[in-house]
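# attaching a predicted model along with its sequence, questions to come.
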Amino acid sequence: QLQLVESGGGLVQPGGSLRLSCATSGSTLEDYATGWFRQAPGKEREAVACISSSGRSTNYADSVKGRFTISRDNAKNTVYLQMNSLKPEDTTVYYCNARNVYSQRDYWGQGTQVTVSS
């Protein structure tokens, strides 16, 4: 059973940066594709960035391309989301996701709040 714990959220001014971390435990991260999602109140959860189990393939939502970078360190069992040039519309709760490449089962973290405001 994989556990995920996000950290790194907080309050930042527009144009600023944050780095989210997702520490995993309970299973080897190499067996999981991972991603970051976000969900604003009253809206559906949307994919922000995803990275393959090997780390060689990434995908981004159009709204964050060129600003956000997803990466992972399988040796440290951790996934990262570097967020630059943050905008007020990036404000919401961010969730880490891991999908087992064999069972396709999804695992979620508890979420971390990101607030972009002056």
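Yep, that arrived.

# please point out which parts of stretch 99-115 sit buried.
The neighbour-count check on stretch 99-115 (16 or more other Cβ atoms under 10 Å) flags 99, 107, 109, 111-112, 114 as buried. The C-beta positions use only the backbone N, C-alpha and C, and glycine is treated the same way.

# same question but for stretch 63-75, I mixed them up
Buried-residue list, stretch 63-75, by 16+ other Cβ under 10 Å: 64, 68-70, 72, 74.

# please apply the same query to stretch 20-37.
Neighbour-count burial for stretch 20-37 flags 20-24, 29, 32-37 (criterion: 16+ other Cβ under 10 Å).

# want to throw the buried residues of stretch 99-115 into a markdown table with secondary structure?
A markdown table is the format used below for the buried residues of stretch 99-115 (DSSP: H, G, I helix; E, B strand; the rest coil):
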| residue | secondary structure |
| --- | --- |
| 99 | strand |
| 107 | strand |
| 109 | coil |
| 111 | coil |
| 112 | strand |
| 114 | strand |
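
# for this structure, what are the low-confidence residue spans?
Across the chain, nothing is flagged by pLDDT under 70.

# how about the helices in it?
With DSSP state H as the definition, the chain shows no helices.

# which residue is nearest the middle of this protein?
residue 36 (2.6 Å; Cα atoms, centre = their mean).

# you'd agree that residue is up against residue 48?
Yes: applying Cβ atoms under 8 Å as the test, residue 36 and residue 48 come out as touching, 4.6 Å apart.

# what touches both of those two?
Between them, residue 36 and residue 48 share these contacting residues under Cβ atoms under 8 Å, 6 or more residues apart in numbering: 81, 94.

# kindly state the beta-bridge partners for residue 116.
On the basis of DSSP bridges, residue 116 is bridged to residue 12.

# returning to what we had before: how much space between the residue nearest to the centre of the chain and residue 60?
10 Å (Cβ to Cβ, to the nearest Å).

# list the residues that contact both of these two?
By Cβ under 8 Å, 6+ apart, the residues touching both residue 36 and residue 60 are 48-49, 70.

# quickly list what the residue nearest to residue 111 when sequence neighbours are not counted is bridged to.
Nearest non-adjacent residue to residue 111, counting by Cβ to Cβ, 6 or more residues apart in numbering: residue 93, 4.4 Å away. Note on residue 93: beta-bridge partners by DSSP bridges are residue 39, residue 113.
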